[in-house]
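Trainee: Okay, sequence plus prediction incoming.
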Amino acid sequence: MAHKEPASQTESAAPKSEAAAAAPSSATQSPQQKGNLYSVAQAQLEKAARAMNLSHDVYTILSQPKNELIVHFPVRMDNGDYQLFKGYRVQHNNVLGPYKGGIRFHEDVSLDELKGLAAAMTWKCALHDIPFGGAKGGIKFSPRLHSKSELERITRRYTSALGNNIGPDVDIPAPDVGTNAQIMVWIMDTFMNVVGASEKQSVRQVVTGKTIACGGSYGRETATGQGLVHCVTEWAKDRHFNLNGCSFILQGFGNVGSHAAKILSRMGASLVAVGDYKAYIANPEGINPYKLSEHVTATGSVDGYRGATAIGREEFFSMEADLAIPAALELEIGEKEARSLRVKVVVEGANGPTYPEAEQILFDRGIDVLPDILVNSGGVAVSYYEWLQNKRSERWDLEEVETRLEKRMKKTYGMVRDLAHERKLDFRTAAYIIGLERISVAYNERGIFP
Ligand code: NAD
């Protein structure tokens with residue numbers, strides 16, 4: 001299986017000066033000052049806690065992460081200079097199992113963003129009954145501005161700074177925005193060498209989302225996009241809607257977005273507009289995601305793709321289509337976007353893409369919202385399979401992984417839908433309740449030490 005090259009090799013083949021010039025233009029930037037993801041996550045937790053009567057004790061524990069680690073570490077650049085980096089790892093909760101969550105390399109990484117994302121991982125794993133807790137980490141920098149060798153040194157120094165705060169039974173990172181299988185392999189290799197020869201082979205599962213050669217799982221690269229499509233398929237069945245011949249708009253053409261687009265296109269759906277950090281493009285006749293993928297691999301962006309015309313961000317959010325798939329960053333759908341969207345359903349591939357006020361506007365307009373912790377959970381599901389395979393020294397074939405993923409996604413989707421219908425709740429609140437219920441039972445049975 002081919003894995004995505006590091007950001008420096010794809011999105012940043014350009015020299016530093018050119019890459020810096022490729023910062024988001026006014027045509028791509030979010031029009032509003034971004035809010036605080038942690039506050040949004042808190043509001044969502046509060047809404048679900050109220051709807052299910054969550055005990056005040058459990059709510060109190062879950063309202064803050066268990067650990068917030070911040071590290072500063074120097075790295076030697078290619079020109080010999082030292083540069084200081086700021087890295088984070090937020091460990092939200094581990095009552096159900098080791099902390100689990102992605103590592104983000106992005107210039108906007110902040111503690112509150114990671115706190116919100118770490119909490120989402122706790123709910124996501126609990127929703128799927130996966131024996132992991134929730135975490136998220138990252139480094140505040142733009143990987144596009146660095147060479148492959150600088151990225152490797154940054155990743156290895158970050159891993160060594162985290163020390164034994166991560167580990168195969170402690171906290172297990174995975175790819176997220178700006179990171180990929182290569183970065184995971186560097187983390188694994190650094191960790192293996194630090195623990196020493198006798199333990200080396202037993203810590204391979206310190207990260208998931210690795211390359212196949214280094215212990216990754218078949219199907220992990222496409223898992224999040226594939227899981228998203230399973231949710232869309234179930235939604236379409238319930239709504240008696242035919243996906244063959246339908247259209248969709250997509251924000252973000254990275255791991256999640258590009259694979260979702262390819263799988264949907266194989267089912268007969270047509271990608272009519274797509275945007276990334278640099279540009280938005282549209283073609284009502286349809287954009288071929290395979291050809292677009294080649295263009296993005298070569299140039300780093302959807303910008304300049306010949307099979308479509310450039311549009312602005314506002315135009316993108318008002319394009320008529322059946323599905324809208326945000327698969328880029330959080331808090332991209334505000335009240336304005338919610339009023340503009342002309343779709344039947346918003347499918348949250350990204351984590352936290354929708355403000356609560358915007359979600360209410362979508363509901364009032366009769367637009368369904370399939371929530372992030374359900375839709376993008378295929379990634380952590382297959383990460384769990386990878387962790388299990390490494391632990392047991394097994395290799396499952398693609399068919400086995402995909403069969404397990406499909407069964408899990410459809411079962412969980414059905415549970416969320418049934419609870420939502422039974423209790424007249426939105427899907428997000430229903431999904432939170434299922435996860436919170438499992439966490440709550442564990443706390444009630446275990447109590448707290450001492
Ligand atoms: P990625 O780095 O592979 O791709 C991110 C995409 O978003 C790129 O196309 C990038 O150009 C685009 N983007 C960045 N800034 C943007 C902006 N301001 N406006 C529009 N587009 C922008 O990341 P990914 O792994 O695909 O993750 C995307 C989202 O999915 C994130 O919210 C992530 O947390 C979530 N997610 C990822 C996984 C996974 O397995 N990779 C799993 C669950 C959730």
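Mentor: Right, received. Where do you want to start?
Trainee: Every contact and neighbour count from this point should use C-alpha atoms.
Mentor: Fine.
Trainee: May I see the buried residues of stretch 199-207?
Mentor: Within stretch 199-207, the residues that qualify as buried are Ser202, Val203, Arg204, Gln205, Val206, Val207, counting by 16 or more other Cα atoms under 10 Å.
Trainee: Would you mind putting those into a markdown table with pLDDT alongside?
Mentor: Listed next are the buried residues of stretch 199-207 as a markdown table, based on pLDDT from 0 to 100:
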| residue | pLDDT |
| --- | --- |
| Ser202 | 95 |
| Val203 | 97 |
| Arg204 | 97 |
| Gln205 | 98 |
| Val206 | 98 |
| Val207 | 98 |
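Trainee: Inside strands: which ones of those residues?
Mentor: Residues of these located in strands (DSSP state E): none.
Trainee: closest to the ligand among those?
Mentor: Of all those, the ligand sits closest to Val207, with 12.6 Å by Cα to the nearest ligand atom.
Trainee: just checking, that closest one touches Ile172?
Mentor: Yes. Assessed by Cα atoms under 8 Å, Val207 is found in contact with Ile172 at 5.1 Å.
Trainee: Tell me the residues of this structure that contact the ligand?
Mentor: Applying Cα under 6 Å from any ligand atom, we find that the chain lies next to the ligand at 28-29, 175-178, 224, 251-257, 275-277, 327-330, 349-351, 376-377, 379.
Trainee: quick one: the helices in the stretch 201-350 of the chain?
Mentor: If DSSP state H, counting those that start in this stretch is used as the criterion, the helices of the stretch 201-350 of the chain fall at 220-238, 255-266, 289-299, 313-317, 335-340.
Trainee: Need the mean per-residue confidence for the shortest one.
Mentor: Put plainly, it is helix 313-317. Average pLDDT, helix 313-317: 98.
Trainee: now stretch 258-268
Mentor: Here the average pLDDT along stretch 258-268 is 98.
Trainee: Buried residues, that stretch. List them.
Mentor: Residues of stretch 258-268 classed as buried by neighbour count (16+ other Cα under 10 Å): Ser258, His259, Ala260, Ala261, Lys262, Ile263, Leu264, Ser265.
Trainee: per-domain residue ranges of the chain.
Mentor: 35-212, 223-375 (automatic domain parsing).
Trainee: Export these as TSV, with columns for distance to Thr412.
Mentor: Formatted as TSV, the domains of the chain follow (distance: least, Cα to Cα, whole Å):
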stretch	distance to Thr412
domain 35-212	6
domain 223-375	8
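Trainee: wait, which of the ones you listed is closest to Ser393?
Mentor: domain 35-212 (9.4 Å; Cα to Cα).
Trainee: That closest one: how far from the chain's middle?
Mentor: 12 Å (Cα atoms, centre = their mean, to the nearest Å).
Trainee: Grab the CA positions of stretch 378-393 and hand them over as PDB.
Mentor: C-alpha atoms of stretch 378-393 as PDB (Å, rounded to 0.1, in the frame of the first residue of the first chain):
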ATOM      1  CA  GLY A 378     -13.100   4.400  11.100                       C
ATOM      2  CA  GLY A 379      -9.500   5.600  11.600                       C
ATOM      3  CA  VAL A 380      -9.400   4.800  15.300                       C
ATOM      4  CA  ALA A 381     -11.200   1.500  14.700                       C
ATOM      5  CA  VAL A 382      -8.500   0.300  12.300                       C
ATOM      6  CA  SER A 383      -5.800   1.800  14.500                       C
ATOM      7  CA  TYR A 384      -7.200  -0.600  17.200                       C
ATOM      8  CA  TYR A 385      -6.900  -3.500  14.700                       C
ATOM      9  CA  GLU A 386      -3.300  -2.500  14.000                       C
ATOM     10  CA  TRP A 387      -2.500  -2.300  17.700                       C
ATOM     11  CA  LEU A 388      -4.100  -5.800  18.200                       C
ATOM     12  CA  GLN A 389      -2.100  -7.300  15.200                       C
ATOM     13  CA  ASN A 390       1.200  -5.900  16.600                       C
ATOM     14  CA  LYS A 391       0.500  -7.200  20.100                       C
ATOM     15  CA  ARG A 392      -0.300 -10.700  18.700                       C
ATOM     16  CA  SER A 393       2.400 -10.600  16.000                       C
END
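Trainee: Any chance you could list what contacts that stretch?
Mentor: 101, 125, 128, 130, 174, 202, 204-205, 207-209, 215-217, 219-220, 223-228, 395-396, 401, 405, 409 (Cα atoms under 8 Å, 6 or more residues apart in numbering).
Trainee: And the residues you listed, which of them are buried?
Mentor: 101, 125, 128, 130, 174, 202, 204-205, 207-209, 215-217, 219-220, 223-228, 395, 401, 405, 409.
Trainee: Would you state the strands of the protein in chain order?
Mentor: Using DSSP E, strands in the chain cover 67-76, 82-93, 99-106, 134-140, 171-175, 247-251, 270-275, 280-287, 309-311, 323-326, 345-347, 368-370.
Trainee: would you turn these into JSON lines with distance to Asn164?
Mentor: Formatted as JSON lines, the strands of the chain follow (distance: least, Cα to Cα, whole Å):
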{"stretch": "strand 67-76", "distance to Asn164": "12"}
{"stretch": "strand 82-93", "distance to Asn164": "12"}
{"stretch": "strand 99-106", "distance to Asn164": "13"}
{"stretch": "strand 134-140", "distance to Asn164": "14"}
{"stretch": "strand 171-175", "distance to Asn164": "9"}
{"stretch": "strand 247-251", "distance to Asn164": "36"}
{"stretch": "strand 270-275", "distance to Asn164": "39"}
{"stretch": "strand 280-287", "distance to Asn164": "42"}
{"stretch": "strand 309-311", "distance to Asn164": "47"}
{"stretch": "strand 323-326", "distance to Asn164": "35"}
{"stretch": "strand 345-347", "distance to Asn164": "37"}
{"stretch": "strand 368-370", "distance to Asn164": "37"}
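Trainee: Tabulate the helices of the stretch 201-350 of the chain (TSV), appending distance to Gly80.
Mentor: Conversion of those to TSV gives the following (distance: least, Cα to Cα, whole Å):
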stretch	distance to Gly80
helix 220-238	35
helix 255-266	33
helix 289-299	28
helix 313-317	40
helix 335-340	46
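Trainee: The nearest residue to Leu151 once chain neighbours are set aside and the ligand, how far apart?
Mentor: Nearest residue to Leu151, sequence neighbours excluded (Cα to Cα, 6 or more residues apart in numbering): Pro143, at 7.1 Å. The gap separating Pro143 from the ligand is 10 Å, by Cα to the nearest ligand atom, to the nearest Å.
Trainee: Pretty sure Pro143 sits against Phe105.
Mentor: Yes. Counting by Cα under 8 Å, Phe105 is a contact partner of Pro143 at 6.4 Å.
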